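Trainee: compute the structure for the input listed below.
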Amino acid sequence: QVQLVESGGGLVQAGGSLRLSCAASGRTFSTYAMGWFRQAPGKEREFVAHINWSGYTTSYADSVKGRFTISRDNAKNTVYLQMNNLKPEDTAVYYCAARRSSGSYYVYEYDYWGQGTQVTVSS
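Mentor: Modelled structure (predicted):
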């Protein structure tokens, strides 16, 4: 069982930066691939980024590539999402998720989810 708690969301102006954190419970965190997803009002939850258990393999949605960076610190049981050059269309609730296998683009393939953190980007 893995429990995930996101933090770091908030209100920022367009062009600004935020760093999201996701703290995980449990001693098996380093065996899980981690993903970040987001959901805007009235829209489906969508993939943002994922990272494999070691941190050496990452993948990003085209909409955030070059602006967002996913990373992890297995010693701290934490995964991060550094978000730079934020745009109003990045406004959403951001969720982290854990998967026992490799990283995935698909919501249904993740085993555990956090409660989400709101990111609002003003124009």
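Trainee: residue closest to the middle of this protein?
Mentor: Residue closest to the mean C-alpha point of the chain, counted by CA atoms, centre = their mean, is W36 at 2.4 Å.
Trainee: hmm, it is touching G9, no?
Mentor: No - in this structure, W36 is not within contact of G9 by CB atoms under 8 Å, at 11.8 Å. Every C-beta, even on glycine, is put in place using the N, C-alpha and C of the backbone.
Trainee: identify the contacts common to those two.
Mentor: By CB atoms under 8 Å, 6 or more residues apart in numbering, W36 and G9 have these common neighbours: 20, 94.
Trainee: part of a strand, is the residue nearest to the centre of the chain?
Mentor: Yes - counting by DSSP: H, G, I helix; E, B strand; the rest coil, W36 is located in a strand.
Trainee: contacts only, for it.
Mentor: Residues near W36 by CB under 8 Å, 6+ apart: 20, 22, 48-50, 70, 79, 81, 94-97.
Trainee: repeat that for 6 Å
Mentor: Residues near W36 by CB atoms under 6 Å, 6 or more residues apart in numbering: 48-49, 81, 96.
Trainee: mind putting the residues you listed in CSV, secondary structure and pLDDT included?
Mentor: Formatted as CSV, the contacts of W36 follow (DSSP: H, G, I helix; E, B strand; the rest coil; pLDDT from 0 to 100):
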residue, secondary structure, pLDDT
V48, strand, 98
A49, strand, 98
L81, strand, 98
C96, strand, 98
